[in-house]
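# Using only what follows, build the 3D model:
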Amino acid sequence: MADGHDSGRGGPADADPLERYFRPRPGSHAAPGGDDGDGIEGVTIDGMPAPRVTVDGPRGPRRPGRQLSPRAAMSARRQKRFLTLTGTMSAFVLLTSGGAWAFQNYVTGMIDKVSVDGLGKGRDAPKGAMTILVAGVDRREGLTKAQQKAAKLGHEPGERSDTMLLVHVSRDHDSVSVVSLPRDSYVTIPAHRSNGSEGAKGTRVPARPGKLTWAYQFGGPDLTVSTVKQATGVSIDHYVEVNFYGFVHMVDALGGVDVCVEQPVNDAKSGLRLPAGTSHVDGLKALAFARARYALTGGSDLGRIDRQQQFIAAMMKQALSTKTLGDPVKSTKFLNAALKSLRVDEKLADNLPKLADQMKNLSTDDLTFAKVPLADPDYNAVLWNAPTPQSTVQWDHGKARDLFTRIRRDEPLARHTAKPSATPTQKPEDELTVPPDDISVRVLNAIGTPGLATKAGGQLRGLGFKVTVAPGVARRGLRTTQIQYGPDRADSARTLAAAIPGAKLKKVPSLGSRLQVMVGADWDGVKKVKVAPSPSPSSSPAIETGTATSKLCS
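Sure thing, here's the model as predicted:
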């Protein structure tokens with residue numbers, strides 16, 4: 001279209017190249033009832049006038065033009081209904097077929113991902129059995145001082161994990177087992193590179209005993225995963241991290257949850273105040289309930305585990321209730337809060353929507369809780385960072401081995417103990433019953449030869465023992481290697497003696513539950529040991545378990 005008059009006009013409207021097609025044209029015929037000759041009759045393109053369209057005024061509805069016959073008008077209405085129906089069905093097909101894709105992209109886009117070393121390959125993910133390490137992390141990044149104060153998070157620098165759960169999803173994804181790992185568990189923290197909290201950053205730190213909670217502080221997710229794998233013997237397929245303050249938002253999105261206590265609580269450290277009985281709590285009170293130690297358990301971490309399991313059960317019940325699932329606003333808020341509070345490994349992030357869909361029919365009856373069986377809940381251990389013994393939690397390695405074996409074999413944690421036979425089989429006195437991977441031992445240089453303790457520790461570690469090499473020289477001149485053990489470590493000492501030819505056994509009551517090797521001048525390497533097979537699972541000691549339903553307030 002060419003029009004010399006229009007092309008010469010200036011002004012802002014000329015910025016739009018299409019605008020000139022809709023201006024009044026000089027010299028055009030006025031529309032019927034028009035006021036002047038500038039009325040618009042249509043648009044002329046290359047000299048071809050557009051057809052006239054009569055439009056009624058605001059008082060009357062628009063009707064088909066007179067040139068349409070009744071049959072043509074009916075045909076036009078049918079065509080309109082057909083186009084509307086077709087368009088609606090097309091939109092429905094697009095939404096339903098693309099819904100899963102859109103949801104997956106929404107989830108993977110919202111969730112924070114973290115790269116973690118040492119995880120299982122997960123080739124069949126999200127199918128098949130899988131074990132997930134869940135860490136509750138005290139991270140203050142991005143929080144205001146007011147938020148830190150309200151949540152009682154403290155002001156110490158760095159990040160730490162106060163809660164660790166080993167979550168096992170069954171092969172058919174129809175049940176979940178959750179094992180709570182005490183934060184003060186006495187474990188061996190594997191060798192790693194310092195992150196700056198144990199000397200200069202990048203310095204190699206040898207394997208040494210410590211509390212499980214230190215693993216995250218000293219090496220983040222990588223060191224936490226390797227520590228738990230070594231302590232439990234279970235392969236970790238995925239890693240999930242829950243931010244404590246994000247946890248507050250999740251509870252608030254649900255409208256709070258029910259918790260119960262037997263006695264009134266007034267805990268100054270956590271800020272928790274509750275009457276006896278059942279209370280409906282918001283996010284901040286829920287966090288205090290899950291973290292409180294001193295007013296409820298006298299400083300013990302074990303009572304806190306009970307309350308954390310109770311709270312997880314209450315949260316699951318609330319999240320799966322019809323009040324949440326049937327309320328699109330509440331369910332969306334909960335989903336958003338959950339996604340913002342989590343960090344997961346990259347593989348799990350990709351598979352999370354499918355995994356959630358496969359587990360959508362789970363109930364609180366399908367979630368089983370267990371605790372790690374303990375030998376000593378107040379074990380005084382001499383650790384590298386303090387001159388005096390520190391209180392730790394020591395596992396019952398025999399029972400714990402059975403628990404983790406069930407997880408590895410994808411077996412239910414709850415199992416009835418078999419009745420003892422009338423004539424139990426007696427094992428020979430010299431038969432070894434404790435395998436090397438269940439034995440933590442401290443190795444000391446007792447002769448003075450440089451590097452001898454490190455060499456001996458490496459050889460023992462090669463057999464599977466959990467070894468800590470003490471720095472320096474403990475004493476000089478010991479000719480024969482000596483295995484010193486506390487009163488309740490005789491069985492472990494026998495396994496160690498079988499692995500060190502010529503070593504002498506010495507019971508030292510002051511060692512308590514500890515075991516150590518004094519390396520002497522006669523050290524001549526180690527030999528592989530054969531341990532009697534552990535009792536069959538059907539005759540093993542019962543493990544304390546309970547479903548999420550049993551943890552709910554009555």
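# what's the closest non-adjacent residue to Thr388?
In space, and not counting its chain neighbours, Thr388 is closest to Val382: 8.0 Å by C-beta to C-beta, 6 or more residues apart in numbering. Backbone N, C-alpha and C define where each C-beta goes, glycine included.
# For the closest residue to Arg204 other than its chain neighbours, which residues are in contact?
Nearest residue to Arg204, sequence neighbours excluded (C-beta to C-beta, 6+ apart): Arg193, at 6.1 Å. By C-beta atoms under 8 Å, 6 or more residues apart in numbering, the contact list for Arg193 reads Gly202, Thr203, Arg204, Val205, Gly219.
# From Lys201, how far out is Arg193?
Separation of Arg193 from Lys201 (C-beta to C-beta, to the nearest Å): 8 Å.
# Met110 too?
32 Å.
# more neighbours, these two?
Using other C-beta atoms under 10 Å, the more surrounded residue of Met110 and Lys201 is Met110, with 14 against 10.
# how about the more buried one, what does it touch?
Met110 touches Asn336, Leu339, Lys340, counting by C-beta under 8 Å, 6+ apart.
# if you set the cut-off to 6 Å instead, what comes out?
Contact analysis of Met110 by C-beta atoms under 6 Å, 6 or more residues apart in numbering lists Leu339.
# Now do the strands in the stretch 151-300 of the chain.
Remark: strands assigned in the stretch 151-300 of the chain by DSSP state E, counting those that start in this stretch are 160-169, 176-181, 186-189, 192-193, 204-205, 208-211, 238-243, 257-261, 265-267, 272-274, 277-281.
# If you average pLDDT over each of these, which is lowest?
Between the strands of the stretch 151-300 of the chain, the lowest average pLDDT goes to strand 265-267, which shows a mean of 82.
# and that strand, which residues are buried?
Buried residues in strand 265-267, counted by 16 or more other C-beta atoms under 10 Å: Val265, Asp267.
# which residues touch that strand?
Under C-beta under 6 Å, 6+ apart, the answer for strand 265-267 is Leu272, Arg273, Leu274, Ala292, Ala295.
# ok, and the most crowded of those?
Leu272 (24 neighbours).
# With respect to Ala497, which of the contacts of strand 265-267 is nearest?
Ala292 (45.1 Å; C-beta to C-beta).
# That closest one contacts Gly271, doesn't it?
No - with contact defined as C-beta atoms under 6 Å, Ala292 and Gly271 do not form a contacting pair (8.7 Å).
# for the stretch 301-450 of the chain, what spans make up the strands?
Going by DSSP E, counting those that start in this stretch, the stretch 301-450 of the chain shows strands at 342-345, 367-371, 374-381, 390-395, 440-445.
# Of all these, which one is nearest Ala253?
strand 342-345 (13.5 Å).
# who does the closest one pair up with?
strand 112-114 (parallel), strand 238-243 (antiparallel) (DSSP bridges).
# what mean pLDDT would you report for the first one?
For strand 112-114, mean pLDDT is 90.
# Now do the helix or strand following it: everything it contacts.
Later in the chain than strand 112-114, the nearest helix or strand by DSSP states H and E is strand 130-138. Applying C-beta under 6 Å, 6+ apart, the external contacts of strand 130-138 come out as 153, 159-165, 167-169, 228, 234, 236-242, 244.
# What residues sit buried inside strand 130-138?
For strand 130-138, by 16+ other C-beta under 10 Å, it's Met130, Thr131, Ile132, Leu133, Val134, Ala135, Gly136, Val137, Asp138.
# Which stretches in the stretch 451-554 of the chain count as helices?
With helices called from DSSP state H, counting those that start in this stretch, the stretch 451-554 of the chain shows them at 452-462, 490-499, 548-551.
# in the stretch 351-500 of the chain, which ranges drop under the pLDDT threshold?
415-430 (pLDDT under 70).
# hmm, back to that, switch the contacts of Arg193 over to a markdown table; also include neighbour count.
Shown next, in a markdown table, are the contacts of Arg193 (neighbours: other C-beta atoms under 10 Å):
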| residue | neighbour count |
| --- | --- |
| Gly202 | 9 |
| Thr203 | 12 |
| Arg204 | 9 |
| Val205 | 19 |
| Gly219 | 22 |
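# Go through those and say which is closest to Glu431.
Val205 (37.6 Å).
# ok, that closest one - contacts?
Contacts of Val205 (C-beta under 6 Å, 6+ apart): His192, Ser194, Glu198.
# and the gap between it and Glu198?
5 Å.
# Looking at strand pairing, list the partners for the nearest residue to Val228 once chain neighbours are set aside.
Take Val228 and drop its neighbours on the chain: the residue closest to it by C-beta to C-beta, 6+ apart is Leu133, 5.7 Å away. As for beta bridges, Leu133 partners with Leu166, Tyr239 under DSSP bridges.
# on that earlier part again, reformat the strands of the stretch 301-450 of the chain as TSV; add distance to Cys260.
TSV is the format used below for those (distance: least, C-beta to C-beta, whole Å):
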stretch	distance to Cys260
strand 342-345	27
strand 367-371	16
strand 374-381	24
strand 390-395	26
strand 440-445	38
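# Of these, which is nearest Val257?
Comparing those by C-beta to C-beta, strand 367-371 comes nearest, at 15.1 Å.
# among the contacts of strand 130-138, which ones are buried?
153, 160-165, 167-169, 228, 234, 236-242, 244.
# Distance-wise, check the spatially closest residue to Val169 that is not a sequence neighbour relative to Val228.
Nearest non-adjacent residue to Val169, counting by C-beta to C-beta, 6+ apart: Met130, 5.1 Å away. Distance from Met130 to Val228, counting by C-beta to C-beta: 15 Å.
# Next one: the closest residue in space to Gly546 that isn't next to it in sequence relative to Met359, how far apart?
Distances taken as C-beta to C-beta, 6+ apart place Phe369 nearest to Gly546, at 5.4 Å, with adjacent residues excluded. Phe369 sits at a distance of 17 Å from Met359 (criterion: C-beta to C-beta).
# quick one: Thr188 and Val467 touch, right?
No - at 7.6 Å, Thr188 and Val467 do not qualify as touching, with contact defined as C-beta under 6 Å.
# Which of these two has more residues huddled nearby?
Set Thr188 next to Val467 and count neighbours by other C-beta under 10 Å: Val467 wins out with 27 against 19.
# Run through the bridge partners of that one.
Val441.
# rewinding a little: between the contacts of Arg193, which sits nearest Val508?
Val205 (28.3 Å).
# That closest one pairs with what?
His192.
# about what we covered before: which residues are in contact with the residue nearest to Gly546?
With C-beta under 6 Å, 6+ apart, Phe369 has these contacts: Val178, Gln309, Gly546.
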